[in-house]
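Participant: Here is the input, now give the coordinates:
(one chain, ligands or ions: 1)
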Amino acid sequence: MAIKTPQEYLASLNDGRVVYCDGKRVPDVTQHPILKICNEWVAMDYVMNNDPRYQDLLTDLDADGERVRFALQPQRTREDLLRLREVVKLWARATFGKPSGAKFVAKDGLNAVTVVSERIDKKYGTRYAANVAAYRRHLQQNDLAFAMGLTDVKGDRSLRPSQQKQHPDFYVHIVEERKDGIVVRGAKAHISQAPACNEILVAPCRAMREDDRDYAVAFGVPVNAPGVTLISAQPEVHEGFNLMDHPISGSVYINDAMIIFEDVFIPNERIFLKGEWEFAGQVAYMFANFHRLSAETYKAMELELLTGAAALLAEYNGIEKVSHVREKLTWLVMYTESIEVLGKAAVEHSIQEEGTDLVYPNPMIANICKYQFADNWHTATKYLQDIAGGIMVTAPSAKDFLNPETRAMVEKYLAGRDGIPTESRFRMMKLARDLTSSYEDDLTIHAEGSLEAQKMSILQLADFSRYKAAAKRAAGIVDEKSHPDYADLPAFPPKL
Ligand SMILES: Cc1cc2nc3c(=O)[nH]c(=O)nc-3n(C[C@H](O)[C@H](O)[C@H](O)COP(=O)(O)OP(=O)(O)OC[C@H]3O[C@@H](n4cnc5c(N)ncnc54)[C@H](O)[C@@H]3O)c2cc1C
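Facilitator: A predicted model of the protein is given here:
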């Protein structure tokens, strides 16, 4: 069964997993009114995959000629990365800017452990690359939904994993080694759609030192493994909500859950890193490389949505020709298109991993793109809120809009430009409210790594020798070891 139907996927979630949501243990996640939102959003991945219109893009034939997900194939060429971008764009456009999560985040972790396991095997003669390849086959052959468990709960941020004071479990770590595997303890936070997945790919979120050896651990584990508990993120909507009020938050519940591992057994064949502490940071860094590409690809689609909402609200309010509004719309277009172009550039300038046939997005460009997106988001939402007006947050609820006693009044007094149905203006206001929620703000800043993480990478990768060479040459400072781009240029001003 290499391609699952949406129904098969949904049924697979009723497997005895331990999930809590909004204060209660959930006996069967497929029947829960709020978790269902997340499940159905993830199921869209299976809906599209079974649609013949998308099969050429979304699927591929594996080495045995079996049809598998393209997203789960290793990326070997720039063209593979470009195609992956198209996959993410389709996913994102189909589900309101947030790509349905069955493979979205964790495929990047799988690519990261694929690259780094080869490096570890080369140094230590381990067999992690074979384990990763077998895990990849397992995911492909069963068409599993999997989540990426990278971010630990972390405790005191100024202390490394092994230095934590209150208890040793702020980062997932090995507590026991057995002949046939390891036992792990600790917790990961914000793990998107984990309660709606079959598997969790776990990896370290930071560089480690020798003392942190036990924390340098990566593995794959089923969501229903004994000792795994998932606590759902606070839902944005409650039972009985109306989709008209919550067009995005009522159809996309990402459920960035907390995952607690309490003495969970991981068999040897599912381990991809075990104590090789100097590689922990490489896994985190490589995940970021791949994931920034995924992130900025979907962010550009999310911006299409946001800029579209701003343009429509300007029309509905009758202000689309006003100069400050045109200026804001121009800025939104530049922002949207620059994220699209920078994301594409990260792929055009992709990097070949030495000694392998694997490629990854250009880290400098990918980091700059993610930073630009996150750093400018609040300006974009400010513009959308400004154009929408206060009614965006003070409008009555859909129930009032639909109530025969109040509908005529709401229709009459909440109308905008002549010729635009009040319902369109009302719906667009609700969309703008969802797009500018505090959840969206925080997601943009922190998901895929906080702003400082990108700045650190950018500074590390910066070619200062080139920049300095340009400055020294202009200042007339002779440098024998100048950067090659500047070393052999003709004298300027010329001596004519
Ligand atoms: C909606 C959402 C979805 C997510 N999905 C996933 C997912 O699917 N899988 C996953 O693994 N992760 C996921 N994340 C986690 C995301 O990668 C983290 O939120 C991000 O890396 C920041 O970590 P944090 O939230 O622990 O914040 P913190 O690290 O606590 O950051 C708070 C502040 O402290 C600063 N800071 C922290 N440590 C240091 C330090 N040592 N030195 C200096 N400054 C420091 C940060 O720069 C920031 O300014 C998601 C996050 C969000 C918000």
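
Participant: near the ligand, which residues of the stretch 101-250 of the chain?
Facilitator: When proximity is defined by C-beta under 6 Å from any ligand atom, the stretch 101-250 of the chain lies next to the ligand at 105, 148-151, 154, 157-158, 190-192. Yep, even glycine has a C-beta here, placed from its N, CA and C like the rest.

Participant: Would you write out the PyMOL command that picks the buried residues out of those residues?
Facilitator: Selecting only the buried entries of these in PyMOL, with 16 or more other C-beta atoms under 10 Å as the criterion:
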select buried, resi 105+148+149+150+151+154+190+191+192
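
Participant: Next step: the residues of the stretch 101-250 of the chain next to the ligand restricted to strands.
Facilitator: Cross-referencing those against strands under DSSP state E gives 148-149, 190-191.

Participant: Save those residues as JSON lines, and put in distance to residue 383 too.
Facilitator: Shown next, in JSON lines, are these (distance: C-beta to C-beta, whole Å):
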{"residue": "148", "distance to residue 383": "32"}
{"residue": "149", "distance to residue 383": "36"}
{"residue": "190", "distance to residue 383": "28"}
{"residue": "191", "distance to residue 383": "32"}
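
Participant: so can I have a markdown table of those residues showing pLDDT?
Facilitator: Formatted as a markdown table, those follow (pLDDT from 0 to 100):
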| residue | pLDDT |
| --- | --- |
| 148 | 97 |
| 149 | 98 |
| 190 | 97 |
| 191 | 97 |
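
Participant: what's the burial count for the closest residue to residue 482 other than its chain neighbours?
Facilitator: Residue nearest to residue 482 in three dimensions, not counting chain neighbours: residue 469, with 4.6 Å by C-beta to C-beta, 6 or more residues apart in numbering. Residues lying near residue 469 (other C-beta atoms under 10 Å) number 21.

Participant: For residue 469, give its distance to the ligand.
Facilitator: Separation of residue 469 from the ligand (C-beta to the nearest ligand atom, to the nearest Å): 31 Å.

Participant: Run the chain-centre distance for the helix or strand encompassing that residue.
Facilitator: Assigned by DSSP states H and E, residue 469 belongs to helix 464-475. What separates the centre of helix 464-475 from the centre of its chain is 37 Å, taken as C-alpha atoms, centre = their mean, to the nearest Å.

Participant: as a whole number, average confidence for it?
Facilitator: The pLDDT scores in helix 464-475 average 96.

Participant: tell me which residues in that helix are buried?
Facilitator: 469, 473.

Participant: Please enumerate residues in contact with that helix?
Facilitator: Helix 464-475 is contacted from outside by 478-479, 482-483, 485-487, 489, using C-beta atoms under 8 Å, 6 or more residues apart in numbering.

Participant: Check stretch 376-394 too.
Facilitator: 303, 306, 309-310, 313-314, 317, 319, 325, 328, 331-332, 335, 414, 428-429, 432-433, 435-436, 440-441, 444-445.

Participant: what's the closest of the contacts of helix 464-475 to the ligand?
Facilitator: Nearest to the ligand among those: residue 483, at 31.1 Å, using C-beta to the nearest ligand atom.

Participant: With adjacent residues omitted, what lies nearest to the closest one?
Facilitator: Closest to residue 483 by C-beta to C-beta, 6+ apart is residue 469, at 3.7 Å.

Participant: how close does the one you found sit to residue 486?
Facilitator: Separation of residue 469 from residue 486 (C-beta to C-beta, to the nearest Å): 4 Å.

Participant: cool, residue 405 as well?
Facilitator: 76 Å.

Participant: for residue 411, what are its contacts?
Facilitator: Counting by C-beta under 8 Å, 6+ apart, residue 411 has contacts 422-423.
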